[in-house]
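Q: Need a 3D model of the following:
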Amino acid sequence: MGWKRILGLVLASIVLALVVWGLFLPLTTVSIKVDLPPARPSKPAASKPVEISIDANGAIQVNGRPSSLDTLASDVGAVSTTRDKNQQQVMIRASETVTYGTYMAVLERLRGAGWHKVGVIKDAIPN
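A: Model prediction:
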């Protein structure tokens, strides 16, 4: 086989490939119209949780300030970063030796005052 014949076969193969691509490439591309919703403004900064600590003696602190069962609801309201009680998170951290009754008294005072987003911090206060 001569070099002219090989060159002719190569050129014919290239032309055939270009014709096939020219015919079938437009069929494989799909145009999809996408209607995206408008961008939403960013969420407001999350409020910082209020931390309630109960030590081994049953003494209560709200964000490091001394408190009591009688003033607990007002103390939480004073340090709350939002006035919406449904959005403000309250976290309780208790010593391992706190009695169940003391813990439940704090929880009931919070719920009775309307603070329902209450969580527990796993790390206990050291004795």
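Q: what ranges do the strands span in the chain?
A: 50-54, 60-62, 65-67, 90-94, 118-120 (DSSP state E).
Q: Distance to residue 108 and mean pLDDT for those - can I get that in TSV?
A: For every residue, glycine as well, the C-beta is placed using N, CA and C. Compiled in TSV, the strands of the chain are given as follows (distance: least, Cβ to Cβ, whole Å; pLDDT from 0 to 100):
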stretch	distance to residue 108	mean pLDDT
strand 50-54	13	92
strand 60-62	13	93
strand 65-67	15	93
strand 90-94	12	92
strand 118-120	11	89
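Q: mind checking which of those is nearest residue 81?
A: strand 50-54 (8.0 Å; Cβ to Cβ).
Q: Kindly reformat the strands of the chain as TSV containing mean neighbour count and distance to residue 1.
A: Shown next, in TSV, are the strands of the chain (neighbours: other Cβ atoms under 10 Å; distance: least, Cβ to Cβ, whole Å):
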stretch	mean neighbour count	distance to residue 1
strand 50-54	21	87
strand 60-62	20	94
strand 65-67	14	96
strand 90-94	19	84
strand 118-120	13	82
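Q: what's the closest of those strands to residue 7?
A: strand 118-120 (78.5 Å).
Q: which residues are contacting the closest one?
A: With Cβ atoms under 8 Å, 6 or more residues apart in numbering as the test, strand 118-120 has contacts from 49, 89-94, 107, 110-111.
Q: switch to 6 Å and redo it
A: 90-92, 110 (Cβ atoms under 6 Å, 6 or more residues apart in numbering).
Q: Same question for stretch 48-57.
A: 60-63, 76, 79-81, 89-95, 97-98, 125, 127.
Q: same thing but at 7 Å, please
A: Residues from elsewhere that reach stretch 48-57, judged by Cβ atoms under 7 Å, 6 or more residues apart in numbering: 60-63, 76, 79-81, 88-95, 97-98, 102-103, 106, 125, 127.
Q: Just give me the closest of the contacts of strand 118-120 to residue 17.
A: Nearest to residue 17 among those, counting by Cβ to Cβ, is residue 91 at 67.4 Å.
Q: Go ahead and confirm the closest one touches residue 123.
A: No. Using Cβ atoms under 7 Å, residue 91 is not in contact with residue 123, being 10.8 Å away.
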